[in-house]
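S.K.: A predicted structure for the sequence below; I have some questions about it.
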Amino acid sequence: MRLAIYGSGGLGREVCFLAETVMRHFSPYSELLWIDDTKPAGYFCSRAMCPFDDFAEKYSPEDTHVVIAVGEPAQRKILAEKIAAAHYRLGRLISPDLQQSSDIEIGAGCLIFPGSILLPGVTIGENTVLQTGIVLTHDDRIGRNSVLSHRTVLGGAVSVGDNCYIGLATAIRDHVSIGTDCIVGMGAVVTSDVEANSVVAGNPARKIRDNLSKTVFHKQS
């Protein structure tokens, strides 16, 4: 079984590190390659790389999984739909050092980096990223296509919707609900519910604007 990493930017290199770590332990994958629609076919980090159309012509969905290495939640959703339409399945990479309860659920396409802890009752939706040092406590629920940045900590029974981006070193109080398509700024302390399509920041976190463009890393008009 081979694994294709979709996206060769900064997160892509981090995902490659995670994949190599996983492959040194028990893993269904014996080969890595890259997909990137913004670059010509060739090699990246000593592995074959090509645009998705070329990839789909060359590699069968029967023996190839794909993980998405893009940090924009909205783009993660689009690419997941594109992959599914081409009949490929999402892979999953979970760091061997993950500390987890026995009753958690982790969806297809999830990427879980080193140093994370998942306590009882946690549910993580498909195609979501947990970067290094994430702590999810009892009964937390994370939606699809979301990204939780390094050192984020959630109290118990927190709900994070689909397509959300949670910034570096964020803390979210227990029983708080964050709606779909939200951005939480780095270092925020979230103590109350956040309505869908909001951008919040600060301590305590306050809404600063609507998430009109659904982008994290580019200015909103």
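M.R.: Received the coordinates, thanks.
S.K.: domains of the protein?
M.R.: 2-91, 94-208 (automatic domain parsing).
S.K.: Need the winner for burial among the ones you listed.
M.R.: domain 94-208 (a mean of 19; mean count of other C-beta atoms under 10 Å). Glycine gets a C-beta too; all of them are placed from N, C-alpha and C.
S.K.: so after the strand or helix carrying residue 54, what's the next helix or strand?
M.R.: Residue 54 belongs to helix 52-58 when assigned by DSSP states H and E. Where DSSP H and E defines the elements, the next helix or strand beyond helix 52-58 is strand 64-68.
S.K.: State the mean pLDDT of the following helix or strand past that following strand.
M.R.: For strand 64-68, the following helix or strand on the C-terminal side (DSSP H and E) is helix 73-85. Taken as a whole, helix 73-85 has an average pLDDT of 98.
S.K.: next one: stretch 146-159
M.R.: 98.
S.K.: before we move on, the earlier item: and the helix holding residue 54, what does it pack onto?
M.R.: Judged by 3 or more C-beta pairs under 8 Å, 6 or more residues apart in numbering; DSSP states H and E, the packing partners of helix 52-58 are strand 31-35.
S.K.: Pull the residues that contact the helix or strand following the strand it packs on.
M.R.: Going down the chain from strand 31-35, the next helix or strand is strand 42-44, by DSSP H and E. Residues from elsewhere that reach strand 42-44, judged by C-beta atoms under 8 Å, 6 or more residues apart in numbering: 8, 34, 36, 48, 49, 50.
S.K.: Format the residues you listed as CSV; extra columns: distance to residue 62.
M.R.: Below are these laid out as CSV (distance: C-beta to C-beta, whole Å):
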residue, distance to residue 62
8, 24
34, 20
36, 23
48, 19
49, 21
50, 19
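S.K.: Out of those residues, which is nearest to residue 96?
M.R.: Nearest to residue 96 among these is residue 34, at 22.8 Å by C-beta to C-beta.
S.K.: so who does the nearest residue to the closest one once chain neighbours are set aside touch?
M.R.: In this structure, residue 34 finds its nearest non-sequential neighbour in residue 49, 3.7 Å apart by C-beta to C-beta, 6 or more residues apart in numbering. Neighbour list for residue 49: 8, 33, 34, 35, 36, 39, 41, 42, 43 [criterion: C-beta under 8 Å, 6+ apart].
S.K.: rerun at 7 Å
M.R.: 8, 33, 34, 36, 39, 41, 42, 43 (C-beta atoms under 7 Å, 6 or more residues apart in numbering).
S.K.: Who does the second one form a beta bridge with?
M.R.: When bridges are taken as DSSP bridges, the partners of residue 33 come out as residue 4.
S.K.: Does it touch residue 8 like I think?
M.R.: No. Using C-beta atoms under 7 Å, residue 33 makes no contact with residue 8, being 10.6 Å away.
S.K.: Identify the bridge partners of residue 47.
M.R.: Bridge pairing for residue 47 - DSSP bridges - gives residue 44.
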